[in-house]
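Requesting a structural model of the entry that follows:
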Amino acid sequence: MENNLEDYIKSIDISKSFLKRTSNGILLSDEEIDILKKYNINYEKCISTDELIFEIEEYLNEDGDASDLENLSSRLAEYKYYYETNK
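Here you go, the predicted structure:
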């Protein structure tokens, strides 16, 4: 059992979780980009975090349940609140 856990830990690529600024200025990780691609949401055409959240919500309203996409939308909204809102 101990060996399996060590193998699992070694297999995790944490670099996929690091946030990177995309060419359009939105902070996304490789994992998040993969989720957007999975649902054919073109984050590269969005000019702001708001627009990307709108695109995600439009998809969810039309095509139903996608928990990974809902989680991404929540994370983006939280990021926007803490880092893009003047307080």
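
Contacts only, for the residue nearest the centre of the chain.
In the chain, the centroid-proximal residue (C-alpha atoms, centre = their mean) is Glu32; its distance is 3.1 Å. Under the criterion of C-beta atoms under 8 Å, 6 or more residues apart in numbering, the contact list for Glu32 reads 72, 75. Backbone N, C-alpha and C define where each C-beta goes, glycine included.

repeat that with 7 Å
The contact partners of Glu32, by C-beta atoms under 7 Å, 6 or more residues apart in numbering, come to Leu72.

Would you agree it falls within a strand?
No. Under DSSP: H, G, I helix; E, B strand; the rest coil, Glu32 falls outside any strand and is assigned helix.

and the gap between it and Leu5?
26 Å (C-beta to C-beta, to the nearest Å).

Please report how far the residue nearest to the centre of the chain lies from Phe18.
Taking C-beta to C-beta, one finds Glu32 at 11 Å from Phe18.

And for Tyr39?
On the measure of C-beta to C-beta, Tyr39 and Phe18 end up 22 Å apart.

got it, and Lys45?
23 Å.

residue contacts, the residue lying closest to Leu36 once chain neighbours are set aside?
Take Leu36 and drop its neighbours on the chain: the residue closest to it by C-beta to C-beta, 6 or more residues apart in numbering is Tyr43, 5.0 Å away. Contacts for Tyr43 (C-beta under 7 Å, 6+ apart) come out as 22, 26, 28, 33, 36, 52.

can you pull out the strands in this protein?
20-21, 27-28 (DSSP state E).

okay, these in a markdown table with mean neighbour count next?
Formatted as a markdown table, these follow (neighbours: other C-beta atoms under 10 Å):
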| stretch | mean neighbour count |
| --- | --- |
| strand 20-21 | 10 |
| strand 27-28 | 20 |
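
closest to Ser73 out of those strands?
Checking these against Ser73 by C-beta to C-beta gives strand 27-28 as the closest, at 12.4 Å.

just how off-centre is that closest one within its chain?
7 Å (C-alpha atoms, centre = their mean, to the nearest Å).

Tell me which strands that strand pairs with, and in which orientation.
Paired strands of strand 27-28, with direction, are strand 20-21 (antiparallel) (DSSP bridges).
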